[in-house]
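Enquirer: Quick one: sequence and predicted model below, then my questions.
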Amino acid sequence: MIAVLAGGVGGARLLAGLVQVVPPAEVLAVVNTGDDTELHGLHVSPDLDTVTYTLAGVSNPATGWGIAGESWSVMAALERFTDQTWFRLGDRDLATHLYRSGRLAAGAPLSQVTAEITAAFGIESRLLPMSDDPVRTRVELAAGGEVEFQEYFVKLAHAVAVRSVRFAGAEASRPAPGVLAGLAEAELVVIAPSNPVVSVAPILAVPGIGQLLAARRDSVVAVSPIVAGAALKGPADRLLRELGHESSVVGVAEVLAGVAGTLVIDEADAGLADGVERAGVHAVVADTVMRSDELAAALARRLLAVAR
């Protein structure tokens with residue numbers, strides 16, 4: 001089995017490549033839920049949904065998130081009543097949130113509800129939230145004040161400076177059932193090219209997960225989300241700088257050195273391989289930009305070759 005720590009579009013695209021080269025049932029994804037939020041009385045799990053829709057082949061190819069061919073009638077109607085429609089929920093996407101929220105209200109844990117949703121989409125891989133307990137990413141702004149992650153990421157368009165990031169509820173949380181066993185038993189653990197500050201770090205903050213990976217770091221391979229000093233998507237490069245790290249593959253290596261023995265870096269960063277090695281992480285150079293399904297599959301094969 002191959003286990004992947006995933007968050008956002010980068011994690012979803014890597015998983016989509018991986019299931020092309022190994023049987024999907026042999027893939028476990030441990031997905032960030034620090035981004036989860038409550039909107040209009042509904043529990044929204046953006047990263048779980050992005051991975052689900054991508055593996056189901058229904059995601060919006062233009063954005064990497066949401067559902068292709070989406071319509072927005074409900075959001076248009078909601079605007080009559082509230083200005084809290086800055087986080088757009090499409091009509092088809094709403095069905096997922098309605099089902100999840102109803103099941104959670106009935107007492108089902110998030111991991112069970114996730115299994116039901118992925119089964120309904122015909123997904124053979126196992127998707128697990130990092131925890132059934134609420135862990136929420138909170139962002140302290142340099143200008144003052146603290147906001148939930150989606151307000152920073154969507155409402156403020158992640159265009160404001162950040163002073164710190166914390167994961168509320170992490171200390172009291174527990175890994176979802178199956179997470180620790182899956183990570184321990186996996187032949188290879190991959191940290192997807194997800195934002196190391198707000199996608200990977202929340203997973204590692206759940207007690208037991210970071211410690212388990214540290215104990216087997218030689219068989220943990222991370223893929224850098226930073227290419228030529230910039231994030232391919234989202235604010236990873238700015239967050240690294242604002243929190244005191246170098247915005248480069250070297251900075252990524254320093255952040256993940258405690259849990260990953262190898263970092264796969266893009267060909268554009270081959271000249272920084274020595275810096276990655278000095279950070280205590282073995283550097284492997286590959287084409288990491290998943291511009292197509294074929295390139296995502298090629299990257300997955302490269303990861304398997306590194307492990308073996």
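Expert: Nice, thanks for sending it over.
Enquirer: Just the pLDDT for the residue of the chain most remote from its centre.
Expert: Distance from the centre of the chain peaks at R80, with 33.5 Å (CA atoms, centre = their mean). Predicted confidence (pLDDT) at R80: the value is 94.
Enquirer: State the distance from the most centrally placed residue in the chain to P193.
Expert: Nearest residue to the geometric centre of the chain (CA atoms, centre = their mean): G7, 0.5 Å. Noted for G7: a distance of 10 Å to P193, by CB to CB, to the nearest Å. Backbone N, C-alpha and C define where each C-beta goes, glycine included.
Enquirer: Strands of the stretch 201-308 of the chain, residue ranges please.
Expert: Along the stretch 201-308 of the chain, the segments classed as strands by DSSP state E, counting those that start in this stretch run 220-223, 226-227, 230-231, 262-266, 282-286.
Enquirer: could I get the ones you listed as TSV with mean pLDDT?
Expert: Formatted as TSV, the strands of the stretch 201-308 of the chain follow (pLDDT from 0 to 100):
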stretch	mean pLDDT
strand 220-223	98
strand 226-227	96
strand 230-231	92
strand 262-266	97
strand 282-286	97
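Enquirer: Point out the most buried one among these.
Expert: strand 220-223 (a mean of 26; mean count of other CB atoms under 10 Å).
Enquirer: Adding distance to V249, write the strands of the stretch 201-308 of the chain out as JSON lines.
Expert: Formatted as JSON lines, the strands of the stretch 201-308 of the chain follow (distance: least, CB to CB, whole Å):
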{"stretch": "strand 220-223", "distance to V249": "10"}
{"stretch": "strand 226-227", "distance to V249": "6"}
{"stretch": "strand 230-231", "distance to V249": "11"}
{"stretch": "strand 262-266", "distance to V249": "4"}
{"stretch": "strand 282-286", "distance to V249": "8"}
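Enquirer: just to revisit the earlier point, what secondary structure does the residue farthest from the centre of the chain sit in?
Expert: coil (DSSP: H, G, I helix; E, B strand; the rest coil).
Enquirer: give me phi/psi at it?
Expert: Taking degrees, to the nearest 10, you get phi -70, psi -30 for the backbone angles of R80.
Enquirer: So it versus V227, what's the distance?
Expert: Counting by CB to CB, the gap from R80 to V227 is 43 Å.
Enquirer: Same check on A257?
Expert: The value you get for A257 to V227, if CB to CB is used, is 19 Å.
Enquirer: before we move on, what about G8?
Expert: From G8 across to V227, the span is 15 Å (CB to CB).
Enquirer: Same check on D49?
Expert: For D49, the distance to V227 - CB to CB - is 25 Å.
Enquirer: so who does the closest residue to E79 other than its chain neighbours touch?
Expert: Leaving aside its chain neighbours, E79 sits nearest to T85 (5.4 Å; criterion: CB to CB, 6 or more residues apart in numbering). Applying CB atoms under 8 Å, 6 or more residues apart in numbering to T85 gives the contacts M75, L78, E79.
Enquirer: Could you grab the helix/strand/coil label for T85?
Expert: coil.
Enquirer: Check the one 4 residues further on too.
Expert: Under three-state DSSP, L89 falls in the coil class.
Enquirer: Check whether it really touches G41, as I assumed.
Expert: No - L89 lies out of contact with G41 (CB atoms under 8 Å); the separation is 11.7 Å.
Enquirer: Those two: which has the busier surroundings?
Expert: Remark: of L89 and G41, L89 carries more neighbours, 20 against 9, as counted by other CB atoms under 10 Å.
Enquirer: helix or strand for V139, which one?
Expert: strand 136-141 (DSSP states H and E).
Enquirer: what comes into contact with that strand?
Expert: So strand 136-141 is contacted by 34-37, 146-149, 151-152, 160-169, 198, 202 (CB under 8 Å, 6+ apart).
Enquirer: Put the buried members of these into a ChimeraX selection.
Expert: To isolate the buried members of the contacts of strand 136-141 in ChimeraX, using 16 or more other CB atoms under 10 Å:
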select :34,35,36,37,147,148,149,151,152,160,162,165,166,167,169,198,202
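Enquirer: Mind checking which of the contacts of strand 136-141 are in helices?
Expert: Judged by DSSP state H, helices contain the following of the contacts of strand 136-141: F149, P202.
Enquirer: now F121, nearest residue through space, not along the chain?
Expert: Spatial nearest neighbour of F121, chain neighbours left out: A56 (3.9 Å); criterion: CB to CB, 6+ apart.
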